[in-house]
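Asker: when you get a sec, could you give me coordinates for this:
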Amino acid sequence: MSKLKLLVVDDEVDFAEFVADVAENMDFDVISTDDPTEVKTLSLQNLNIIVLDLFMPNIDGIELLRLLSKSKSNASIVLMSGKDKGVLHSAQKIAEEQDITVLGVLQKPFFAQQLEVILAKYVDESPQRKLGSFLLPSAKEISSAIVNKDLFVVYQPQINITNRKVIGVEALVRWKHSERGLIPPDIFIPIAEGNNLIKDISTFVTKTSIRQQAEWLKNGIDLRMSINMSPKILTDLDMPEKLSSCAKEMGANIKNIVIEVTETALMSDVVRYMDILARLKMKGFNLSIDDFGTGYSSLQQLIRAPFNELKIDQAFIKNIDTDKECKTITAISIMLAHKLGMTVVAEGIETESVWNILRELKCDEGQGYWMAKPMLPEEIEAWKDNWDKT
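Answerer: Below is the predicted model:
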């Protein structure tokens, strides 16, 4: 297997050499330049990672992010700066809005170990990232996957941060392609939404997860089930009645089913969404506003819709131990939700440090790889027994 290729762009030659040495010690094939104008002449499609300084002469880091986006480069980015930390944070958001993966941000000067931890994220990730250009599945392939039952559901535990009790799980759809293996949901879900296939996927996930909750309930395991609802299907005014009937027929506990919707989903047709959400609540379902802080008119939606749970987006949670702004936003979100009588769930907990900070901030519940990865239903019971013993 060929080495992963890394580009360092920094007009501080000594610091660029330091970064290059760290990467080479991790077995990366490194290219380095102190002239950002040279980036235009490079084959960006062959790069895996770019370590980029924001403040440079002639072409700054923000301009280079725009160049990367236009060139459709699949390289992941590590942003660094020795100046304004606020600009560093803004640059990360700008990159993410352009679908550029940001592995991490570093405030100069930093230690070799800090860079190693970030680069290791890339090395440890799925093979799809390392393959560079990912061949997008067609709508026909997704349709066939639905018909052939190639989709399946995994469940990620949600845990009370104060007493460590397992509260529930979130249902997450997965697709195992016959030739390409697992295809990430963030790849196939947008394609499904754009080709009128998301309703079939949502129906499959909803029925499968409700059936699973009912089965666990029969076995004496009463777990809350959180189910994501695509904005594309929150248009059926009969949906609350259909969902209620489905849950009753399967013997599920409606009061322990949470319907998660995103803030942006509420923007297209406010009256229709409020109609559907209000009647779902009246049927006994719980409602969660997902990815809080990343959409629009968040405060207005908290007042308008009958939510009883708020999920803070992982973009804030992952960095609260290193990013002051993320920690502040998280703290304010928790305080706001509690003032409104809502439960707060943090998603994307990947380290014990983040867990401990959330406990200090009095966050109610959390989910993430530090506690448990998404699992098949048959794995949940054994995992829960082990977790309860810790």
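
Asker: isn't Lys85 right up against Lys108?
Answerer: No - at 10.3 Å, Lys85 does not count as touching Lys108 under the criterion of C-beta atoms under 8 Å. Where you see a C-beta, it was placed from the backbone N, CA and C, and this is true even at glycine.

Asker: residues contacting Ser71?
Answerer: Leu44, Gln45 (C-beta atoms under 8 Å, 6 or more residues apart in numbering).

Asker: mind redoing it with 6 Å?
Answerer: Contact analysis of Ser71 by C-beta atoms under 6 Å, 6 or more residues apart in numbering lists Leu44.

Asker: select the helix or strand of the chain having the lowest average pLDDT value.
Answerer: In the chain, the helix or strand scored least confidently by mean pLDDT, DSSP states H and E is helix 127-130, which has a mean of 42.

Asker: helix or strand right after it?
Answerer: Proceeding C-terminally, helix 127-130 gives way to helix 139-147 as the next helix or strand, assigned by DSSP states H and E.

Asker: for burial, what's the neighbour tally of Met229?
Answerer: Here the count is done by other C-beta atoms under 10 Å, and Met229 has 24 residues near it.

Asker: any idea how far Ala171 is from it?
Answerer: Note on Met229: its distance to Ala171, by C-beta to C-beta, to the nearest Å, is 11 Å.

Asker: before we move on, what about Ala346?
Answerer: Taken as C-beta to C-beta, the span from Ala346 to Ala171 is 18 Å.

Asker: and the two? Which one has more around it.
Answerer: Between Ala346 and Ala171, Ala346 has the larger neighbour count (other C-beta under 10 Å), namely 30 against 23.

Asker: what sits against the closest residue to that one other than its chain neighbours?
Answerer: Closest residue to Ala346 apart from its sequence neighbours, by C-beta to C-beta, 6 or more residues apart in numbering: Gly366 at 4.3 Å. By C-beta under 6 Å, 6+ apart, the contact list for Gly366 reads Ile161, Ala346, Ile349, Leu358.

Asker: repeat that for 8 Å
Answerer: Gln158, Ile159, Ile161, Ile317, Val345, Ala346, Glu347, Ile349, Trp355, Leu358.

Asker: most surrounded residue in the residues you listed?
Answerer: Ala346 (30 neighbours).

Asker: Val169 belongs to a helix?
Answerer: No - using DSSP: H, G, I helix; E, B strand; the rest coil, the assignment for Val169 is strand, not a helix.

Asker: am I right that Ile31 sits in a helix?
Answerer: No - going by three-state DSSP, the assignment for Ile31 is strand, not a helix.

Asker: how near is it to Lys207?
Answerer: When C-beta to C-beta is the yardstick, Ile31 and Lys207 sit 51 Å from each other.

Asker: name the element Met92 belongs to?
Answerer: Just so we're on the same page, residue 92 is Gln rather than Met. Element membership for Gln92, per DSSP H and E: helix 85-97.

Asker: give me the number of residues near Ile189?
Answerer: 19.

Asker: so it touches Ile198, yeah?
Answerer: Yes - Ile189 lies in contact with Ile198 (C-beta under 8 Å); the separation is 7.1 Å.

Asker: need the residues touching each of those two.
Answerer: Common neighbours of Ile189 and Ile198 (C-beta under 8 Å, 6+ apart) are Ser230.

Asker: assign Ile59 to helix, strand or coil.
Answerer: coil.

Asker: who touches it in this structure?
Answerer: Here Ile59 is in contact with Pro36, Thr37, Val39 (criterion: C-beta under 8 Å, 6+ apart).

Asker: leaving out sequence neighbours, find the closest residue to the first one.
Answerer: Taking C-beta to C-beta, 6+ apart, and ignoring the residues beside it in sequence, Pro36 has Ile59 as its nearest neighbour in space, at 4.2 Å.

Asker: no further queries at this time; thank you.
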